[in-house]
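1. With the sequence up front, the predicted model follows.
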Amino acid sequence: MNIYVLLKKTFDTEEAISVSGNQIDESGAEFIINPYDEYAVEEAIQQRDKHGGTVTVVTIGDEDSEKQLRTALAMGADDAVLIDTSDDLDEGDQFTTAKILETFFEGKEADLILAGNVAIDEASGQVGPRLAERLNMPFITTIVKLDIEDGTAKIEKDVEGDLEKIEVSLPVLITCQQGLNEPRYTSLPGIMKAKKKPLEQLELDDLDLDEDDVEAKTATISIFLPPKKQAGRILVGETGEQVKELVSLLSNEAKVI
């Protein structure tokens, strides 16, 4: 079975994010595999171990993204592909990513494509569904269980605290949610083996794409941190008095009614 995993480099979730000049300050920041993508990598490895085949992890980024690909290889993936756009693109969006991936997958026989449900930096959840639409492939999002048998995927999907059970024929694109599995830690032997595993590097020219083909359809106007939370206010007195005061505060100070 040919299994692919879409990977993204994101900020470490424990890092403090700072904004400077209307841009996120990346100096000194630590980057990791997007946590939801780790569930996708783990599931891909488990499905390969059950059914055979290969796991290929794919990311779009710069040369620094090799670190996250090597981590996935150390977890147990077989191959990695880095599509380096650093020399060709200044800005991109979900359209850009989906278009590049669509071109990459042309001519490839993918049985299963796995991705994280969302990326923790932008949290749009668009790339997986956009890519599936372009590949004319069925897709299921936010899955928490996956069993494959005789070319059919039996899936449990998280739907706001409940579960929806779905059966779909392969090939299929799936986005992974917390609860699907427990991603493994990389081991020293795994890290050493990862250094020898193949990592292919491509650029837009290798995919017969130019900047106009993947030009972003959206633009970021501004980036800012949310305001600091202010201390709450406790209302005292009789219930009726509290209600009147609350309505007054919501109307005159908060201006939400």
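-> In hand now; what should we look at? Numbering: from 1, shown residues only.

2. Summarise which helices and strands the lengthiest strand in the chain is packed against.
-> Looking across the chain with DSSP state E, the single longest strand is strand 139-149. Packing partners of strand 139-149 (3 or more CB pairs under 8 Å, 6 or more residues apart in numbering; DSSP states H and E): helix 35-51, helix 127-134, strand 152-159, strand 162-169, strand 172-176. Using the backbone N, CA and C atoms, a C-beta is placed for each residue, glycine as well.

3. I'd like those written out as CSV, with mean pLDDT added.
-> Below are the helices and strands packed on strand 139-149 laid out as CSV (pLDDT from 0 to 100):
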stretch, mean pLDDT
helix 35-51, 96
helix 127-134, 94
strand 152-159, 93
strand 162-169, 93
strand 172-176, 96
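
4. low pLDDT regions in this protein?
-> 22 (pLDDT under 70).

5. what's the domain layout of it?
-> 2-214, 231-257 (automatic domain parsing).

6. I'd like those domains laid out as TSV, including mean neighbour count and distance to F224.
-> Compiled in TSV, those are given as follows (neighbours: other CB atoms under 10 Å; distance: least, CB to CB, whole Å):
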stretch	mean neighbour count	distance to F224
domain 2-214	17	6
domain 231-257	10	20
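
7. which non-adjacent residue is nearest L249?
-> Residue nearest to L249 in three dimensions, not counting chain neighbours: R233, with 7.5 Å by CB to CB, 6 or more residues apart in numbering.

8. Over to I45?
-> Spatial nearest neighbour of I45, chain neighbours left out: G76 (4.2 Å); criterion: CB to CB, 6+ apart.

9. List the contacts of that neighbour.
-> V41, I45, V55, R184, G190 (CB atoms under 8 Å, 6 or more residues apart in numbering).

10. the inter-axis angle of the helix or strand encompassing the third one versus helix 35-51?
-> Counting by DSSP states H and E, the element that carries V55 is strand 54-61. Comparing the axes of strand 54-61 and helix 35-51 via axes from the mean of the first three to the mean of the last three CA atoms, to 10 degrees yields an angle of 160 degrees.

11. Partner strands of strand 54-61, with direction?
-> strand 2-7 (parallel), strand 79-84 (parallel) (DSSP bridges).

12. Dump those into CSV; add distance to F104 as well.
-> CSV is the format used below for these (distance: least, CB to CB, whole Å):
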stretch, distance to F104
strand 2-7, 9
strand 79-84, 7
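
13. and T13, which of those strands is closest to it?
-> strand 2-7 (16.0 Å; CB to CB).
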